[in-house]
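[1] Everything below, folded, please.
(2 chains)
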Amino acid sequence: MSSQKVYDKVDYFSPARFFDPTVALAKKVDQAKAELDKHIVDIVRWHFSAETGTPFWLEMAKSYKFDPLKDVKGFNDLHLFGAFEDDWLRGGPISRWVPKGFQGRPTYVFETGGTTGLPKSRMVMDDFRIDYEMMSETLPDQYFPRGANWVMLGPSGPRRLRLAIEHLAQHRGGISFCVDLDPRWVVKLIKMKNFEQANLYKEHCIDQTLSVLAGGHNIQCMFTTPKLLSALDEAIRNGKLEEKYRSLGKKVPAGGLRSIKAAGIIGIFSGGTEFTPQFTREAYEEMLDNGEVYMTPTYGNTLMGLACSKPIGPEDGFKISYYAPQPRAVIEVVEPKDYSKKVGYGETGRVLLTTLTREFFVPRFAERDEGEREAPFEKYPWDGVSGVRPFSELASTTVVGVY
Amino acid sequence: MIHIPAIRQGNPYKSLEKTTLVHHVTGDPLAEVSQVTGSMIARDLSKLESARKELQAIPAAEMLAKVKLAGKLFATAELPLGDGIQSFEDYLRNLSGSTGAPIVFCRRNAGKVQYVLEHIDEILAGLTRGMDLRVLDQGHLVQDGRMMCFYPTTSSLGAILPSNSPGVHSLWVPSIALKMPLVLKPGREEPWTPYRVLQAFKAAGIPGGALNMYPTDHSGAGEILRGTGRSLLFGDSTTTDPYKNDHRVELHGPGYSKVILGEDAADNWPDYIDLIVESVCANGGRACVNASGVWTPRHGREIAEAMAEKMARVKPRAWDNPDAELSAFANPDIADRISGMIDGLLANPGAEDLVLKHRGTPRLYKEGRCAWLQPSVVLCDSHQHPLANKEFLFPYASVVEADQDEILELIGPTLVASVITEDVGFIEKLLSCRNIDRLNVGPLRTNILMWDQPHEGNLFTHLYKQRAFAQAPLKRHAGV
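    Here you go, the predicted model:
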């Protein structure tokens, strides 16, 4: 069973279109490139035309020495827009980001940052639904059964993730339970070096999750982050779920509840820049019963959507390679001092992100991350990125992975 | 290349993430060190109560014998290091190579670790004030007609260790003899000593479950401090301040140790110059027991000049020179920053570095990829000068004049004070002074070792707590 799609089909790009193993990779790469070039022309036309355009971009276009409607013919022309500055997303009015073509539609605003000063805001209508339905096609039903219920152990509040996971669960016929988690408060505690309170807050979040797991809701799937996965595993291993059962007057099942697997979870969808190969290995070997509980890392944010990873496991040294949902978003790995130059395959560079949907156009935004450029592969015939971590020149000023 | 794994319950663990140690002189890679995450540490910590019970089951006498054997093995045996083995001499060369401490210092500090292990009964007598150690076996006993009962405050001892002062390892090694498992985070450049000590323990028959070493990052260190019931934290005040109200964490920050001349000794200052210089300079001046201040009622300038004249002769020498007196900075940027900070503070009126004119060269000396900081003696015209009560990672001392009546109010927290006086009234004040942790009265160096007394906290009272205990006579029923 699937929820009814309320958005235009034109925005949806099934990942399965490249899953045919009989088509050669080189041909897929060419197809993907042609698809991307065509999509870029469509998206730029949408955001810069007088009828459907986005107020912010229409205003910006007045200062351009090129005509976006005529001069942008494909991906290689995106450099004309220069680099996107994230400060453009701070402050209002948010309506300047709503394309004229979508005026009147129900609109969400999602935020990132915001511990101090103005957060970055992004308005959204259906993109999170589209992104997560596309991603849903890549989840194995064996580990993310249709109809299974989920628990969302991640940030709540003005973030897209909570709604996105909820939609994912609903799209797959299940219901998502959520916790209250305010990452801005955690960042403040860490900046104050109040580690005791930060840990208490983490325990508070884990305790909420244990209540959901003990509630008899047949939870089989979960979203979480590396730190919270570890904390949940630690709590369960230390008998906290069994304590929760007893505190609720419930009998602990025979065999106990001392692992994530024993708690009934079989599939974990997880994200965060702290997803290192070593953490993945630890999770696989020591938290998830040597892979019996399936985990798929993703890389994403409010601006881009989410990038899927190649399957992870010991055969590949637990390497994590992400691929953006092209053509709706593109990841490039570029020279930190010259964004126009891609680094070679396997070489390290800064992650440059381009978002190309009719709701949101973000050309060439320099993420706060770095990684190694990965070659196209069978299911995702375009460039990817591996080893994603905070950009080294910014890392010392960034508080990462607080949830 | 050598690979140094993490140690989890006595077993090596090779991580996918590693850091590389390089030789401070050549820049050549010395070793790769496996790095683990805080989550792994947290997971392992939950298993340590069973490891503690394993240690608990070993009788105290047998335990002491094993620890003494470990001391011998540490200093003589070829012990495992990653996939290979390592001799004691190789250990010293590697330790010197990655930290910049000359081999002669490394040997001296390793000697302290060896001494503590081989004389563990003497050390424990100092920590417990001579208590019969069978109390650790049975939890209670009657000694000299008094009931003694202690219980463990934790299942493990965590230690966040530094890279720049190998002598500190003598502080945590008694933990095993006290039947407490170890959870160590080595300093980034100094995994060598913790790794070798744990290998010596293992070879001596200590159960592996009690032996844990986790090279990790800041968050992993936080996990150790959070998850172990008792720990030692070494670092500067930035590192230690967040834990100053946490009784579970014993802090080992700056020492601000001092030599103080009393009214009755100040005029005889020339007699004590060698002692003062030794207190400042011994072992490269990096230890918290090195003096970083000389306080006197008068003759401040003469004392400072005499110190400067002697300390100007302390020169950088090669890491393998047996006469080396200074440690190199494996990261020369740190030396640059420290020297720049001192110069910046000297710009405040009322202070003068007197060694510069005697030496004729700047404090900072660079050669190749290394840097050294040569000694400084800063004469301050007031205890309020920002350089009057500072401590740095090289032989540095301020000289401050203050009236004897005021000195104890002005010195601030002082790990070791060597107070040269025979004035009974002053000695009485010293004995009740709360600013001083370790007190030497008379012409004694600040860095003298007294193994029969607790040094920098008491590991025994950190790990065990006394309680009242009474037991009714046991009823022995026939047939039971």
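
[2] For the chain, which residue occupies the most central location?
    I'll assume chain A. In chain A, the residue lying closest to the centroid (Cα atoms, centre = their mean) is A:G300, at 2.6 Å.

[3] Chain B is the one I meant
    Centroid-nearest residue in chain B, with Cα atoms, centre = their mean: B:V168, separated by 2.5 Å.

[4] and the residue of the stretch 301-450 of chain B nearest chain A?
    Closest residue of the stretch 301-450 of chain B to chain A, Cβ to the nearest Cβ: B:D333 (14.1 Å). Heads up, the C-betas are built off the backbone N, CA and C, glycines and all.

[5] What lies in contact with the helix or strand harbouring that residue?
    Using DSSP states H and E, B:D333 falls within helix B:332-346. With Cβ atoms under 8 Å, 6 or more residues apart in numbering or on different chains as the test, helix B:332-346 has contacts from B:329, B:351-353, B:362-364, B:366, B:369-373, B:376, B:378, B:386-387, B:390, B:392-394, B:396.

[6] mind listing what's buried in it?
    By 16 or more other Cβ atoms under 10 Å in any protein chain shown, the buried positions in helix B:332-346 come out as B:P332, B:A335, B:I338, B:S339, B:I342, B:L346.

[7] For the fifth one, give its distance to A:K65.
    Think B:I342. B:I342 sits 54 Å away from A:K65, going by Cβ to Cβ, to the nearest Å.

[8] Over to the third one?
    Using Cβ to Cβ, one gets 52 Å for the distance from B:I338 to A:K65.

[9] what about chain B, any weak spots by pLDDT?
    Counting by pLDDT under 70, chain B contains low-confidence ranges at B:166, B:455, B:477-480.

[10] who's in contact with A:K379?
    A:K379 touches A:P15, A:F18, A:F19, A:T138, A:K310, A:Y323, counting by Cβ under 8 Å, 6+ apart.

[11] rerun at 10 Å
    Listed by Cβ atoms under 10 Å, 6 or more residues apart in numbering or on different chains, the contact set of A:K379 reads A:P15, A:A16, A:F18, A:F19, A:D20, A:P21, A:K28, A:T138, A:C308, A:K310, A:P311, A:Y323.

[12] quick one: contacts for the fourth one?
    Residues in contact with A:F19 (Cβ under 10 Å, 6+ apart) are A:K28, A:E137, A:T138, A:E378, A:K379, A:Y380.

[13] how does it look with 7 Å?
    A:K379 (Cβ atoms under 7 Å, 6 or more residues apart in numbering or on different chains).

[14] Please apply the same query to the third one.
    Residues in contact with A:F18, defined by Cβ under 7 Å, 6+ apart, are A:K28, A:K379, A:P381.

[15] again, only using 10 Å
    So A:F18 contacts A:25, A:28-29, A:31-32, A:35, A:326, A:376-382 (Cβ under 10 Å, 6+ apart).

[16] Same question for the fifth one.
    With contact taken as Cβ under 10 Å, 6+ apart, A:D20 is in contact with A:K28, A:E378, A:K379.

[17] Wait, a helix at A:F365?
    No. Checked against DSSP: H, G, I helix; E, B strand; the rest coil, A:F365 lies outside a helix; its state is strand.

[18] excluding its backbone neighbours, what's nearest it?
    A:F84 (4.0 Å; Cβ to Cβ, 6 or more residues apart in numbering or on different chains).

[19] any idea how far the one you found is from chain B?
    Relative to chain B, A:F84 is positioned 31 Å away (Cβ to the nearest Cβ, to the nearest Å).

[20] Name the residues of chain A found near chain B, please.
    Within reach of chain B by Cβ under 10 Å from any Cβ of the partner chain, chain A has these residues: A:192-196, A:198-199, A:226-227, A:229-231, A:233-235, A:237-239, A:274, A:276-283, A:286-287, A:317-319, A:401.

[21] Go again with 8 Å.
    A:193-196, A:199, A:226-227, A:230-231, A:233-234, A:237-238, A:276-279, A:281-282, A:286-287, A:317-318 (Cβ under 8 Å from any Cβ of the partner chain).

[22] From these, which land in helices?
    A:195-196, A:199, A:226-227, A:230-231, A:233-234, A:237, A:277-279, A:281-282 (DSSP state H).

[23] what's the next secondary structure element after the helix holding B:D333?
    strand B:351-353.

[24] Other residues contacting that following strand?
    So strand B:351-353 is contacted by B:342, B:345-346, B:363, B:376-381, B:385, B:387-388, B:398 (Cβ under 8 Å, 6+ apart).

[25] And the residue of chain B closest to chain A?
    B:S39 (3.2 Å).

[26] my guess is that residue meets A:E234, correct?
    Yes. At 7.2 Å, B:S39 counts as touching A:E234 under the criterion of Cβ atoms under 8 Å.

[27] Which one's more surrounded, these two?
    Higher neighbour count among B:S39 and A:E234: B:S39, with 24 against 19, using other Cβ atoms under 10 Å in any protein chain shown.

[28] Would you pull up how far the helix or strand harbouring the more buried one lies from the middle of the chain?
    Here B:S39, judged by DSSP H and E, is contained in helix B:38-45. Centroid separation between helix B:38-45 and its chain, computed with Cα atoms, centre = their mean, to the nearest Å, is 25 Å.

[29] I'd like the next helix or strand past it.
    Immediately after helix B:38-45, counting by DSSP H and E, sits helix B:48-56.

[30] so, in contact with chain A or not, that next one?
    No. For helix B:48-56, no contact with chain A is found by Cβ under 8 Å from any Cβ; the gap never falls below 11.1 Å.

[31] For that helix, give me every contacting residue.
    Helix B:48-56 is contacted by residues B:9, B:63, B:136-137, B:152, B:155-156, B:176, B:179-181, B:183, B:206-207, B:209-210, B:212, B:228 when judged by Cβ under 8 Å, 6+ apart.

[32] And A:S259, how close does it get to chain B?
    Distance of A:S259 to chain B, given as Cβ to the nearest Cβ: 11 Å.

[33] that older thread, can you tell me which residues contact the residue nearest to the residue of chain B closest to chain A when sequence neighbours are not counted?
    Nearest residue to B:S39, sequence neighbours excluded (Cβ to Cβ, 6+ apart): A:S230, at 3.2 Å. Going by Cβ under 8 Å, 6+ apart, A:S230 touches A:A283, A:M287, B:T37, B:G38, B:S39, B:A42, B:R43.

[34] contacting residues around B:R196?
    For B:R196, the contacting residues are B:F74, B:L79, B:L81, B:Q86, B:Y91, by Cβ under 8 Å, 6+ apart.

[35] which one of the residues you listed sits closest to B:V416?
    When these are compared for distance to B:V416 (Cβ to Cβ), B:F74 wins out at 26.5 Å.

[36] quick check, the closest one in a strand?
    No. B:F74 is assigned helix when assessed by three-state DSSP, not a strand.

[37] Name the nearest residue to it, sequence neighbours excluded.
    In this structure, B:F74 finds its nearest non-sequential neighbour in B:A200, 4.0 Å apart by Cβ to Cβ, 6+ apart.

[38] Let me know whether that neighbour touches B:G71 as I believe.
    Yes. Counting by Cβ under 8 Å, B:G71 is a contact partner of B:A200 at 7.3 Å.
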